[in-house]
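J.: sequence and predicted structure are below.
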Protein chains: 2
Amino acid sequence: MSLEILKEKVGYHVIKQLLEGKPPEFELKVRSAKNAIYDEQQRILLLGDMTQKRRFNNLGELRAFSQMILIARAIYEAKKEIGYTTQRDIYYNALETIKGTNIDTLKDQKESNAIITDLEVYTGLLREEMGVIAEERGVVAGKLKLRGYSRGEEQIVDCEKGLTGQLIPANIHEVEIFDLDAELVLVVEKGGIFKSLRELMIDRKLNCILVSGHGQPDRASRRLVHRLNKEFGLPVYILTDCDPWGFRIFSVYKIGSRNLAFESIKLATPDAKFIGVYPSDIEKLKFDRGIIQATPRDIRTAQMLMKLPWFSDKRWQEELSLFIREKKKVEINILSQKGFRYLADEYIPNRIKEFQ
Amino acid sequence: MSLEILKEKVGYHVIKQLLEGKPPEFELKVRSAKNAIYDEQQRILLLGDMTQKRRFNNLGELRAFSQMILIARAIYEAKKEIGYTTQRDIYYNALETIKGTNIDTLKDQKESNAIITDLEVYTGLLREEMGVIAEERGVVAGKLKLRGYSRGEEQIVDCEKGLTGQLIPANIHEVEIFDLDAELVLVVEKGGIFKSLRELMIDRKLNCILVSGHGQPDRASRRLVHRLNKEFGLPVYILTDCDPWGFRIFSVYKIGSRNLAFESIKLATPDAKFIGVYPSDIEKLKFDRGIIQATPRDIRTAQMLMKLPWFSDKRWQEELSLFIREKKKVEINILSQKGFRYLADEYIPNRIKEFQ
């Protein structure tokens, strides 16, 4: 199916224009930050209406025009031949020196990655649907099972079992989620925290699905959280460090990111709630050791976050103001000063209750 | 068991000395690079005989002496109370301002990490055996199963199954490996390469166990490879990028690392073979696109590697000389220029055959 779309929208499209005697061109939405618009209704970042052309008979657009065909061909062949490939393999495969010139088809992998993203926007396919996959980073634990295909066979993954969390497969978009029995999704920023909470069986105690994207989440982790919220109606609670990096991670799960705005609709979870660590926790929980001084850059980032529409509610404005005033960062792990069980037994359940 | 050793060698040890009227002290092996010695017989890096004291009644040693007790206590409590913890949680838990002073027990997490490593050297326990675990990064696929305990239950992991590779559990040292049916271990540097090779079922085609540590391998990945070699007699072949970083990764699997020399005996695989990518492959395979210029630092690193005893054989000396002369780096992924199946169908099987 995705191969058909790729063939149709790239190959046939060009041939058709040529047969009609027109110089071939592609038209696609501009995916720069300028064209990323916060949709108040859906409460996610979306691409606006600005479009751009890639014309064969325009010297300024020829390079990008050719790269789209070249990369589409490499993706098509990889998907057809072995089913999966990586952005890096696509780069090397499509890299050529044009005969009779010293011009390379690609300057570096950044250029081919950008074209792969262009092809996503242009075809409406996720790159994973085109077989371009990344190594997995996110993990999940709790009462749910995954059914999908890998190595030519049906595979079932029981996320309650195992010696570790289960990796969230890169092709989560085509995986069936079943046998789910949970009331909420608990997302934690850090792998270490995930691991302790999993061992403490917080998924059973809070009847939750536990997820970590190991820092800035990959697309598969965001897609899983999105699906658990959309398809199963589970509320989503997110725990990060108390610093701008943590606030951003929350923001990416909730709203999407500016440079991948075209995917928000498949990846974002606008109803996700932030359960801390809050700037106000520092005083409330009387932490005096292990507090990190915020840098001027942290403060500037927090000031920028305050202006974003999805941080406009009173609670966030107060917390961000406090952060800017006090200039104090803390990590989730600071809670271990209250005892190794405090996070699982007190902090998380209490914070979730505040939202219920 | 590990808790007993910790109690015995730290707590009781100090009390005993006090009861005997002696000022308490710890004596442990120095674990600096200076005391890391290449053992020609065992062909791994080991700690030499240099020792150091940590004495209570010596102003220069008092800080480290106290930190050892403080960290040991935090590890003991975490292990007893919840079974597992992380280095970061230990840092926060042991961080205190000493009463009546403005002196913190720890400057930063580097200091507590160093003490955790000291405790490993001092007690002879791996930190994982003391319950101090890291999030998992390495992955494995192939015909083997793992049996261990997690979440208070026996867990069995079938590494032939799943939608992704199976994470190599941090507590691999206490996991039983069974139902193994393979002739060799294939270690690849990169997660992306692991993922494609797994989908192509190279484990079935070459009857191998496929492992990736995602770059510089964590201890669990090295320990698994070590065990597959030692306990099951499987030869180990390692595939990395053709650059000093890749050569180092090979070296760490094979010999161990200088700053963790005390663990080599449990983690290193001296018989591991390097199957490329070789500097000589660049010319042999006629790559002319996608070659990266080596930096002066790369060249200096290669010159340093040439002096190491475990790179002293003719083949390595020739390859490293060639690298220094030609100043060319390539990534494994460049092989996709020969077709997306070339790595799995030609390069790897042929290179392994050269060693058989």
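T.: Received it, and whenever you're ready, just let me know what you need. Just so it is clear, the structure is predicted and the values come from calculations on it, not from any experiment.

J.: close to chain B: what parts of the stretch 151-300 of chain A are there?
T.: A:151-152, A:155, A:157, A:161-167, A:169-171, A:175, A:190-192, A:194-196, A:198-201, A:214, A:288-290 (Cβ under 8 Å from any Cβ of the partner chain). Any C-beta I mention is one placed from the backbone N, CA and C, and that applies to glycine too.

J.: if we use 7 Å, what do you get?
T.: A:151, A:155, A:157, A:161-164, A:167, A:169, A:175, A:191-192, A:195-196, A:199-201, A:214, A:289-290 (Cβ under 7 Å from any Cβ of the partner chain).

J.: among those, name the buried ones.
T.: A:151, A:155, A:157, A:162-164, A:167, A:169, A:175, A:191-192, A:195-196, A:199-201, A:214, A:290 (16 or more other Cβ atoms under 10 Å in any protein chain shown).

J.: looking at the residues of the stretch 151-300 of chain A next to chain B, which are in helices?
T.: A:191, A:192, A:195, A:196, A:199 (DSSP state H).

J.: packing partners for the longest helix that chain A contains?
T.: If you go by DSSP H, chain A has its longest helix at helix A:59-82. Judged by 3 or more Cβ pairs under 7 Å, 6 or more residues apart in numbering or on different chains; DSSP states H and E, helix A:59-82 is in contact with helix A:2-6, strand A:51-55, helix A:87-94, helix A:109-123.

J.: ok, the first one near chain B or not?
T.: No: using Cβ under 7 Å from any Cβ, we find that helix A:2-6 stays clear of chain B, coming within 14.7 Å at best.

J.: would you list every one of the strands in the stretch 201-350 of chain A?
T.: A:208-212, A:236-239, A:273-276, A:292-293, A:328-329 (DSSP state E, counting those that start in this stretch).

J.: can I assume residue A:161 is in contact with residue B:155?
T.: Yes: judged on Cβ atoms under 7 Å, residue A:161 makes contact with residue B:155 at a distance of 6.0 Å.

J.: tell me the domain boundaries of chain A?
T.: Following automatic domain parsing, chain A resolves into domains at A:2-123, A:139-354.

J.: tell me how far the shortest one is from the chain's mean position?
T.: Here domain A:2-123 shows a centroid-to-chain-centroid distance of 21 Å under the convention Cα atoms, centre = their mean, to the nearest Å.

J.: redo the ones in helices among the residues of the stretch 151-300 of chain A next to chain B as a markdown table? Include distance to residue A:101 and pLDDT.
T.: Output for these, formatted as a markdown table (distance: Cβ to Cβ, whole Å; pLDDT from 0 to 100):
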| residue | distance to residue A:101 | pLDDT |
| --- | --- | --- |
| A:191 | 47 | 93 |
| A:192 | 51 | 91 |
| A:195 | 53 | 93 |
| A:196 | 57 | 91 |
| A:199 | 59 | 91 |
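
J.: for residue A:38, the count of nearby residues, please.
T.: 17 (other Cβ atoms under 10 Å in any protein chain shown).

J.: the helix or strand hosting it pairs with which strands, parallel or anti?
T.: If you go by DSSP states H and E, residue A:38 is part of strand A:36-39. Each strand paired with strand A:36-39, and its direction, by DSSP bridges: strand A:44-47 (antiparallel).

J.: buried set for the strand it pairs with?
T.: Going by 16+ other Cβ under 10 Å, strand A:44-47 has these buried residues: A:44, A:45, A:46, A:47.

J.: could the residues you listed go into JSON lines alongside pLDDT?
T.: Listed next are those as JSON lines, based on pLDDT from 0 to 100:
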{"residue": "A:44", "pLDDT": "89"}
{"residue": "A:45", "pLDDT": "87"}
{"residue": "A:46", "pLDDT": "88"}
{"residue": "A:47", "pLDDT": "88"}
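
J.: with respect to residue B:83, which of those is nearest?
T.: Distance to residue B:83 across the buried residues of strand A:44-47 (Cβ to Cβ) is lowest for residue A:44, with 39.9 Å.

J.: contacting residues for the closest one?
T.: A:255, A:256, A:264, A:265, A:268, A:270 (Cβ atoms under 7 Å, 6 or more residues apart in numbering or on different chains).

J.: which residues does it bridge with?
T.: Here residue A:44, judged by DSSP bridges, has bridge partners residue A:39.

J.: excluding chain neighbours, what is closest to the residue in the stretch 151-300 of chain A that chain B sits nearest to?
T.: Closest to chain B within the stretch 151-300 of chain A is residue A:191: 3.1 Å, counting by Cβ to the nearest Cβ. In this structure, residue A:191 finds its nearest non-sequential neighbour in residue B:135, 3.1 Å apart by Cβ to Cβ, 6 or more residues apart in numbering or on different chains.

J.: check residue A:10 too.
T.: The nearest residue in space to residue A:10 (Cβ to Cβ, 6+ apart) is residue A:72, at 4.2 Å.

J.: burial count for the one you found?
T.: Residue A:72: 24 neighbours (other Cβ under 10 Å).

J.: how near is it to residue A:132?
T.: 11 Å (Cβ to Cβ, to the nearest Å).

J.: show me what the longest helix of chain A is in contact with.
T.: Contacts of helix A:59-82 (Cβ under 7 Å, 6+ apart): A:3, A:6-7, A:10, A:14, A:26, A:53-56, A:85, A:89-90, A:93-94, A:105-106, A:112, A:115-116, A:118-119, A:130-132, B:196, B:199-200, B:340-341.

J.: what's the answer for stretch A:282-299, then?
T.: Contact with stretch A:282-299 is made by A:243-244, A:324, A:327-330, A:334, A:337, B:92, B:95-97, B:104, as judged by Cβ under 7 Å, 6+ apart.

J.: can you give me the end-to-end span of stretch A:47-55?
T.: One end of stretch A:47-55 to the other measures 22 Å (Cα to Cα, to the nearest Å).

J.: same question for stretch A:10-29.
T.: 15 Å.

J.: flag every buried residue along that stretch.
T.: Here stretch A:10-29 shows A:10, A:14, A:24, A:25, A:26, A:28, A:29 as buried, counting by 16+ other Cβ under 10 Å.

J.: likewise stretch A:112-119?
T.: Quick answer for stretch A:112-119 (16+ other Cβ under 10 Å): A:112, A:113, A:115, A:116, A:117, A:118, A:119.

J.: say whether chain B is contacted by that stretch.
T.: No: against chain B, stretch A:112-119 shows no contacts by Cβ under 7 Å from any Cβ, the least distance being 11.1 Å.

J.: dump that stretch to CSV, restricted to CA.
T.: The C-alpha trace of stretch A:112-119 is given here as CSV (Å, rounded to 0.1, in the frame of the first residue of the first chain):
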residue,chain,number,x,y,z
SER,A,112,18.8,13.2,2.8
ASN,A,113,17.1,13.2,6.1
ALA,A,114,15.4,16.5,5.2
ILE,A,115,14.2,15.0,1.9
ILE,A,116,12.9,11.9,3.7
THR,A,117,10.8,14.2,5.9
ASP,A,118,9.7,16.1,2.7
LEU,A,119,8.5,12.8,1.3
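
J.: can you tell me what sits against it?
T.: A:28, A:31, A:67-68, A:71-72, A:87, A:90-91, A:94, A:106, A:127, A:132.

J.: if we use 8 Å, what do you get?
T.: Identification of contacts with stretch A:112-119 by Cβ atoms under 8 Å, 6 or more residues apart in numbering or on different chains yields A:6, A:10, A:28, A:31, A:64, A:67-68, A:71-72, A:75, A:87, A:90-91, A:94-95, A:106, A:125, A:127, A:130, A:132, A:260.

J.: average pLDDT across that stretch?
T.: Taken as a whole, stretch A:112-119 has a mean pLDDT of 94.

J.: now do stretch A:347-356
T.: So the average pLDDT for stretch A:347-356 ends up being 95.

J.: and chain B, is that stretch touching that?
T.: No: taking Cβ under 8 Å from any Cβ as the criterion, stretch A:347-356 and chain B are apart, separated by no less than 13.5 Å.

J.: quick one: buried residues of that stretch?
T.: Residues A:347, A:348, A:351, A:352 are the ones in stretch A:347-356 that count as buried (16+ other Cβ under 10 Å).

J.: having no further points to raise, I will conclude here.
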